[in-house]
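In: Build me a model from this:
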Amino acid sequence: MERLKNISCAVCMMLFFCLLSFPSEGQAEKQSNSADVSDTGITPSITSGELKKLKDIPEVQIAPGVTGRIFWSKGVLVNRMILDPGAQIPRETFSGERIMVVMKGSVEQLINGAFVSMTAIKYQTMTPLSGNRERNNLVYLAKDTPHALKAGEDGAEIIEVYSPVRLDYLKKAGVQNLPDGVSDGKFNLASSIKPGKVYNLHDIQFTQLDKGAFSRLIWGKNAQLGFMSMQPGYGLTSRGMPEEELMIVLRGTMNKKIGNRTIPIEKGDILLLPPNTEQGGNAGDYGCDVLEVFQPVRSKYVDMRNKKLAAYRAIVPEEAEIELVADGAKQGPGLIYCEGPSWINGKLYFSSMGYDERWTGDPSVSTTVEMDPDGAYRYISKGIETNGTFPLHNGNLAVCDTFGHRVIEMTTKGEIVRTIADKWDGKRLDGPNDITVDKKGGIYFTDPQILPSPFMQPGKSVFYVT
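Out: Sure, this is the predicted structure:
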């Protein structure tokens, strides 16, 4: 039997962890059911089960320089609002709850008596030295919370959800014969996020709803938002749900199943589905992103999210906070692109890789680093573009030397003890990247062909060393 085994020529990563949960603060106190879906006296703006285009909804003047396209069900109102640069909505108080998400631009939102900045940042491809993570700030304001809004210098686009339906907005939309008031339902449910705290939507991790369908779930006492992403060809198995649902397609396409019907929907399409509608659907060739708004909160989704949350909390406690230990751009001797951490005897070991904006590596400025818990660090090796590292049972490190086309054993002083692997089938490795060790001392590592060709191996591979 060969000591070095090629496990897969089609896999370039050996492990990808995704904790499908989010450490939000609220817990469900009481689950909703179909009996909670009450008749509010509000006539929905959209006929149940029929498509409505967002672009066909007339714009409503909300305030000077502020327009909205408003659509609603019996229990919730959704407003896709555009604010000109510097436009303002004066201080007001709504006798219900409001969840607001910034989709483009920036705003100053009045929260607890002070204006707080909220922004949207489009994802920018990351390089070793730059790039932006995607950001869409959101906030939940509980019933009777005063709020006001100021748009930033580039204006803003926001989505806001009100529950119960906001009657003054309906008047702006020209609706006649409205009731004097609308009950908020009193569903006795704790919100999933803290009122008045600004979150990034992309920090709310996905809860898996079905095979290939994942949703970032947010809720107050009355309404629940689900930012659902479906992978190409996947979606939701048809089932009946007791809650009322209002949905809008944000990206892509899907074939939506409603009872015995299947209808194609695309970006900008809106659907209203009454309680107990049999529904499902599959995403198109490029997947699909959908905003779903439920009233009352969908209890099945709360249960799914809470199960994932419990698994997350077992690893990351609720009180845990991210702390900057060291800034290698400011604190010497300097870090460039950090990779492959290992914890040994109270110290952290990792690689500082010499990449530039074009992902061109430079072993001459690459180092292997030892760091103390207080953030003080030092180089233990220079001139080798080490990558992934992992502790060996003898106290040394198994290290991927990417540009050296090999896996080596290194002491915590930076001394190279031996070459663990550098060839397979008589040909050199293309550039080992990530690595782990099993309880028997066997070593798995990837060889994903990330360096420039020519490649010696038949494809992106995972290897095992006995």
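In: On the C-terminal side of whichever strand or helix holds Val139, identify the next helix or strand.
Out: If you go by DSSP states H and E, Val139 is part of strand 135-141. Counting by DSSP H and E, the next helix or strand C-terminal to strand 135-141 is strand 146-163.
In: Give the pairing partners of that following strand; include direction for each.
Out: Using DSSP bridges, strand 146-163 pairs in its sheet with strand 77-83 (antiparallel), strand 88-93 (antiparallel), strand 97-111 (antiparallel).
In: and those strands, which is most packed in?
Out: strand 77-83 (a mean of 24; mean count of other CB atoms under 10 Å). C-beta here means a position set from N, CA and C on the backbone, and glycine is covered the same way.
In: Which of the three states applies to the most centrally placed residue in the chain?
Out: Centroid-nearest residue in the chain, with CA atoms, centre = their mean: His202, separated by 3.5 Å. What DSSP: H, G, I helix; E, B strand; the rest coil gives for His202 is helix.
In: sorry, back to before: out of the strands paired with strand 146-163, nearest to Val175?
Out: Between Val175 and the strands paired with strand 146-163, the shortest gap by CB to CB is with strand 77-83, which sits at 10.9 Å.
In: what's the average pLDDT for that closest one?
Out: For strand 77-83, the mean per-residue pLDDT is 97.
In: ditto for stretch 446-454
Out: Rounded mean pLDDT across stretch 446-454 is 90.
In: circling back to that earlier point, how close does the residue nearest to the centre of the chain sit to Ala310?
Out: 22 Å (CB to CB, to the nearest Å).
In: Could you do Asp84 as well?
Out: 45 Å.
In: Which of these two has more residues huddled nearby?
Out: Each of Asp84 and Ala310 had its neighbours counted (other CB atoms under 10 Å), and the higher figure belongs to Asp84 (14 against 10).
In: pretty sure the more buried one contacts Glu153?
Out: No: with contacts counted by CB atoms under 8 Å, Asp84 stays clear of Glu153, the gap being 10.6 Å.
In: Mind putting the strands paired with strand 146-163 into CSV with distance to Leu271?
Out: Below are these laid out as CSV (distance: least, CB to CB, whole Å):
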stretch, distance to Leu271
strand 77-83, 12
strand 88-93, 28
strand 97-111, 19
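In: do you know which of those strands lies nearest Phe463?
Out: Across the strands paired with strand 146-163, closest to Phe463 is strand 97-111 (CB to CB), at 44.7 Å.
In: orientation of that closest one relative to strand 135-141 in degrees?
Out: Angle between the axes of strand 97-111 and strand 135-141 is 110 degrees (criterion: axes from the mean of the first three to the mean of the last three CA atoms, to 10 degrees).
In: right, and the helix or strand after strand 97-111?
Out: Per DSSP H and E, the first helix or strand lying C-terminal to strand 97-111 is strand 114-121.
In: In that following strand, which residues have enough neighbours to count as buried?
Out: Neighbour counts using 16 or more other CB atoms under 10 Å place 118-121 of strand 114-121 among the buried residues.
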